[in-house]
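K.L.:
Structure here, sequence nowhere to be found:
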């Protein structure tokens with residue numbers, strides 16, 4: 001997997017250097033870490049990251065990689081200058097009372113940051129007797145949890 005990532009990065013860097021220096025894509029993100037706080041066992045945890053192309057050429061997202069059991073979706077693999085794509089990362093919490101951290105890796109044709117790592121954290125905490133949960137709709141795309 002590491003060799004495959006290295007080959008993809010080299011290929012993307014080689015293609016990016018053929019473009020004029022002022023006409024390159026530039027990946028910007030609102031954050032690379034989301035902490036979802038405490039979540040109950042067996043709940044689906046979801047975090048969303050905004051990926052913006054601040055450059056002057058199309059940003060190509062070549063690959064998104066994650067661990068088994070972690071689902072990722074991307075709204076666009078090619079992001080035009082000034083536009084954005086959303087990276088959604090989801091996993092189902094286990095049953096153990098423990099912290100959980102999932103990493104997602106993204107490879108793009110941004111010559112400055114061709115390889116970017118995203119982290120989603122949560123602490124799985126069993127409900128105490130008498131606890132109740134109210135699930136409200138979330139207006140921002142930053143982080144949500146929902147019942148499976």
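P.N.:
Perfect, I can see it now. A quick note: this is a predicted structure, and the numbers were derived from the prediction, not measured. Residues are numbered from 1 along each chain as shown.
K.L.:
Confirm residue 86 sits in a strand?
P.N.:
Yes. Under DSSP: H, G, I helix; E, B strand; the rest coil, residue 86 falls within a strand.
K.L.:
Can you read off the pLDDT for it?
P.N.:
Residue 86 carries a pLDDT value of 97.
K.L.:
dump the residue contacts of the closest residue to residue 43 other than its chain neighbours.
P.N.:
Nearest non-adjacent residue to residue 43, counting by Cβ to Cβ, 6 or more residues apart in numbering: residue 93, 5.1 Å away. No exception for glycine: its C-beta is placed from N, CA and C like everyone else's. Neighbour list for residue 93: 39-45, 100, 122, 124 [criterion: Cβ atoms under 8 Å, 6 or more residues apart in numbering].
K.L.:
switch the cut-off to 10 Å
P.N.:
Counting by Cβ atoms under 10 Å, 6 or more residues apart in numbering, residue 93 touches 36, 39-45, 100, 122-125, 145, 148.
K.L.:
Now for those: which two are most distant?
P.N.:
Between any two of these, the greatest separation by Cβ to Cβ is 17.9 Å, found for 123 and 148.
K.L.:
which one of those two has more residues nearby?
P.N.:
residue 123 (15 against 7; other Cβ atoms under 10 Å).
K.L.:
what comes up buried for the host helix or strand of that one?
P.N.:
Taking DSSP states H and E as the criterion, residue 123 maps to strand 115-124. For strand 115-124, a neighbour-count test (16 or more other Cβ atoms under 10 Å) marks 116, 118, 120, 122, 124 as buried.
K.L.:
Which one among those sits at the bottom for pLDDT?
P.N.:
Among the buried residues of strand 115-124, residue 124 has the lowest pLDDT, at 89.
K.L.:
for this protein, where's the lowest mean pLDDT among helices and strands?
P.N.:
In the chain, no helix or strand scores lower on mean pLDDT, DSSP states H and E than strand 143-146, which sits at a mean of 51.
K.L.:
follow-up on the earlier one: buried subset of the contacts of residue 93 as a ChimeraX selection?
P.N.:
To isolate the buried ones among those in ChimeraX, judged by 16+ other Cβ under 10 Å, type:
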select :36,39,40,43,45,100,122,124,125,145
